[in-house]
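Engineer: fold the following, please.
(one chain, ligands or ions: 1)
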Amino acid sequence: MELRDLQTFGEPGAIVYLADCVALMRLMPARSVDAVFADPPYRLSTGGPTVKGGRLAPVDKGVWDRSLGSFEEDHRFNVRWLREARRVLKPDGTIWVTGTHHIIFSIGFALQTLGFRVINQITWEKPDPPPNALHTAFTHAHETLVWASKDRRARHTFNYDLINSPNPGSQMSSVWRIRSVPKREKLHGYHPTQKPLRLVRRALLASTREGNLVFDPFCGSGTTAVAAKELDRFFVGAEMEREYAELAERRIGAAGRGVVLREISETFWDGT
Ligand SMILES: C[S@@+](CC[C@H](N)C(=O)[O-])C[C@H]1O[C@@H](n2cnc3c(N)ncnc32)[C@H](O)[C@@H]1O
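Structural biologist: Modelled structure (predicted):
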C-alpha cells in the first residue's frame, strides 16, 4: 500500500487520511513532521457507570476506546504508535500526548523507554467537570498532557515571549484552566471525546512555528487540524472512522487559515 491508495478528507494543507495511524505513519517519510499532537484512546469504555443527562449510564465512547484485552496489550499499542511517531518526527520536533490515569502512566513509561525526553507535564484543569456518579471518589477534574522532545540532544521550539505575552514577567504555568468544549465548536457534528480548541491552540502556539507541519495520529473531529489551520500551520492526520473523518473535513472547511494568529491579543490566554 502507498499513501496515494488511502482515502483522504480535508483540503490541501490540512489532510486527514482514513487509516490506522500506525499503518499511515509507516508510509510517511522519517523526520518529516515538526510536531505531533496525539489524543489516543484512553481505554475508558469499560461499561462502568457515568452520569449522562442526569442519569447513570455505562461508559461507552465507541469500540475504538475499549481495552485491547489487557493492560499489557494496551501498553504494547502505545509503544507501537509512539515508536512510529518518533520516527516521523524531525530531530528537533516535539510530541504532545493527552491522557487520564487510565493510560498516562503507560504513555509516560513508553515515551521514556523509546528515548523521548519529557519537557513538561501539563495539568489541564477543568472548571466544569462532570460529577462522580457513585460518590466513591473525588470528581475527576483534570487531564494530563505530556510534552516531550525526540531525545536529549534536541533543541525544541518554545515560543516563550509569545505565550507569556502581554506580560512576560508572569510566566504561564504548567496548570492550564480551560473549560470543556463550547457549543460553537460542536456545530458540525458530534464526537464523544472532542477536545477544546483553546487547549490544542495553546500547545501548538507554544511549540511550533508558522508553516510547520503538525501530525495527529488520532484526529477524531479534527480539533488539531482546525487549530493548526487557524494558526497557519500545515496538518496531516489519521482517523479510522469515516464518520469522524467527514466531521473533521467539515470543521476544517469552516476554519479560516491564520485567523487566530492574527487575533492574538491580551484576552487570548484568559482561560475561558
Ligand atoms: C480520543 S479521540 C480524539 C478526539 C480528537 N482529539 C478531537 O478533538 O476530536 C481518538 C480518535 O482516534 C480514532 N482512532 C482510534 N484508534 C485509531 C487508530 N489506530 N488509528 C487512527 N485513528 C484511531 C478514534 O476513532 C477516535 O476518533
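Engineer: now the stretch 151-272 of the chain against the ligand: closest residue?
Structural biologist: At 2.6 Å from the ligand, Gly220 is the closest residue in the stretch 151-272 of the chain, using CB to the nearest ligand atom. For glycine as for every other residue, the C-beta is placed from the backbone atoms N, C-alpha and C.
Engineer: quick check: that residue vs Glu239, distance?
Structural biologist: Distance, Gly220 to Glu239, using CB to CB, to the nearest Å: 7 Å.
Engineer: got it, and Leu114?
Structural biologist: Here the criterion is CB to CB. By it, Leu114 lies 23 Å from Glu239.
Engineer: these two: who's more crowded?
Structural biologist: Taking other CB atoms under 10 Å, Leu114 and Glu239 do not tie; Glu239 has more neighbours (30 against 17).
Engineer: next one: phi and psi at the more buried one?
Structural biologist: Torsion angles at Glu239 (phi, psi; degrees, to the nearest 10) stand at phi -150, psi 130.
Engineer: show me where this structure has its helices.
Structural biologist: In the chain, the segments counted as helices under DSSP state H are 21-27, 71-88, 104-113, 160-164, 197-207, 223-230, 242-254, 259-263.
Engineer: could those go into JSON lines alongside distance to the ligand and mean neighbour count?
Structural biologist: Converted to JSON lines, the helices of the chain look like this (distance: least, CB to the nearest ligand atom, whole Å; neighbours: other CB atoms under 10 Å):
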{"stretch": "helix 21-27", "distance to the ligand": "4", "mean neighbour count": "18"}
{"stretch": "helix 71-88", "distance to the ligand": "7", "mean neighbour count": "18"}
{"stretch": "helix 104-113", "distance to the ligand": "13", "mean neighbour count": "17"}
{"stretch": "helix 160-164", "distance to the ligand": "21", "mean neighbour count": "13"}
{"stretch": "helix 197-207", "distance to the ligand": "7", "mean neighbour count": "23"}
{"stretch": "helix 223-230", "distance to the ligand": "3", "mean neighbour count": "28"}
{"stretch": "helix 242-254", "distance to the ligand": "4", "mean neighbour count": "20"}
{"stretch": "helix 259-263", "distance to the ligand": "16", "mean neighbour count": "14"}
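Engineer: right, and those helices - which one's nearest Ile119?
Structural biologist: Proximity to Ile119 (CB to CB) singles out helix 197-207 among these, at 8.7 Å.
Engineer: send me that closest one as PDB with only the CA atoms.
Structural biologist: Only the C-alpha atoms of helix 197-207 are listed here, as PDB (Å, rounded to 0.1, in the frame of the first residue of the first chain):
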ATOM      1  CA  LEU A 197      -9.700  24.300  20.600                       C
ATOM      2  CA  ARG A 198      -8.300  26.600  23.200                       C
ATOM      3  CA  LEU A 199      -6.300  23.600  24.700                       C
ATOM      4  CA  VAL A 200      -4.800  22.500  21.400                       C
ATOM      5  CA  ARG A 201      -4.100  26.000  20.200                       C
ATOM      6  CA  ARG A 202      -2.100  26.700  23.300                       C
ATOM      7  CA  ALA A 203       0.000  23.600  22.800                       C
ATOM      8  CA  LEU A 204       0.600  24.400  19.100                       C
ATOM      9  CA  LEU A 205       1.300  28.100  19.500                       C
ATOM     10  CA  ALA A 206       3.900  27.300  22.200                       C
ATOM     11  CA  SER A 207       5.700  24.600  20.400                       C
END
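Engineer: longest strand in the chain, by number of residues?
Structural biologist: Ordering each strand of the chain by length in residues (DSSP state E) puts strand 89-99 first.
Engineer: what strands line up against it, and which way round?
Structural biologist: strand 33-38 (parallel), strand 142-149 (antiparallel) (DSSP bridges).
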